[in-house]
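Student: next comes the sequence, and after it the predicted model I'd like to discuss.
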Amino acid sequence: GAVVSQHPSRVICKSGTSVKIECRSLDFQATTMFWYRQFPKKSLMLMATSNEGSKATYEQGVEKDKFLINHASLTLSTLTVTSAHPEDSSFYICSARHGQSGNTIYFGEGSWLTVV
Amino acid sequence: QKEVEQNSGPLSVPEGAIASLNCTYSDRVSQSFFWYRQYSGKSPELIMSIYSNGDKEDGRFTAQLNKASQYVSLLIRDSQPSDSATYLCAVSQNTGRRALTFGSGTRLQVQP
């Protein structure tokens, strides 16, 4: 089946620094990728929709200047958490829609971010 | 009102029994429905998708959809301890961004 790879799987960063998370569709082209955040024992909350070649669409309440999304190619989207704070510590998950497979959405493995 | 609602559980069933997981949604224009399984600390994995009213079976899993009642369910037959996980219901529209909206998940515990 289609594979979406996310990197890094775990990252620890200091408060005030920035960290970048990559999401790649390995065997298909994804014009649209989605970024979710999940706090412990909570559901996945959509942060933004990443569109190849154009600006991302952010959900209400998500700061676009803090969570920078870039979708420069059909197989790669990146999420950069800028000026990280401990409350940004969470599980970040990307997903990609496979247009040639009935628009099925495949998830990456997720990235655990801990801000200390 | 939450867009997608699930009982958080935990739902505890003995090994070999049928587990029944339920989900309701509020947006009547939702047209695609999914069940994902998520193990602790891991990313969700797709179990079933269903798009039209009725039942859809895949192995031990059966998804049921009733659009009039805005209700979708997942039955797991012959439950195994390895089925113990959180099951997430997700819905999307077939137009626009088609992003998935998730419920909060139901934690299933299958007792050996």
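Tutor: Right, received. Where do you want to start?

Student: excluding chain neighbours, give the residue nearest to residue 13 in space.
Tutor: This is for chain A. A:Val19 (4.7 Å; C-beta to C-beta, 6 or more residues apart in numbering or on different chains). Where C-beta positions appear, they are placed from N, C-alpha and C, glycine not excepted.

Student: chain B was what I was after
Tutor: Going by C-beta to C-beta, 6+ apart, B:Val13 has B:Ala19 as its nearest residue, at 4.8 Å.

Student: contact partners for that neighbour?
Tutor: B:11, B:13, B:75-76, B:79, B:83, B:108, B:110 (C-beta atoms under 8 Å, 6 or more residues apart in numbering or on different chains).

Student: mind doing that once more with 10 Å?
Tutor: B:11-13, B:60-61, B:74-79, B:83-84, B:87, B:106, B:108-110 (C-beta atoms under 10 Å, 6 or more residues apart in numbering or on different chains).

Student: quick one: pLDDT of it?
Tutor: On pLDDT, B:Ala19 comes in at 97.

Student: filter the contacts of B:Ala19 to the buried ones?
Tutor: Buried members of the contacts of B:Ala19, scored by 16 or more other C-beta atoms under 10 Å in any protein chain shown, are B:11, B:13, B:61, B:74-76, B:79, B:83-84, B:87, B:106, B:108, B:110.

Student: and residue 72, how many neighbours?
Tutor: This is for chain A. The tally of other residues near A:Ala72 (other C-beta atoms under 10 Å in any protein chain shown) stands at 10.

Student: nope, chain B please
Tutor: 26.

Student: how about B:Ser40?
Tutor: Counted with other C-beta under 10 Å, B:Ser40 comes out at 10.

Student: would you list the phi and psi of the closest residue to B:Val29 other than its chain neighbours?
Tutor: Sequence neighbours aside, B:Gln93 is the residue nearest to B:Val29 in space, at 5.5 Å (criterion: C-beta to C-beta, 6+ apart). The phi/psi pair for B:Gln93 (degrees, to the nearest 10) reads phi -90, psi 160.

Student: dump the residue contacts of B:Gln93.
Tutor: Taking C-beta under 10 Å, 6+ apart as the test, what B:Gln93 contacts is B:27, B:29-32, B:99, B:101.

Student: now do it, the pLDDT please.
Tutor: For B:Gln93, the model assigns a pLDDT of 80.

Student: how close does it get to B:Leu11?
Tutor: 28 Å (C-beta to C-beta, to the nearest Å).

Student: repeat that for A:Gly53.
Tutor: 44 Å.

Student: same question, B:Leu21
Tutor: Taking C-beta to C-beta, one finds B:Leu21 at 7 Å from B:Leu11.
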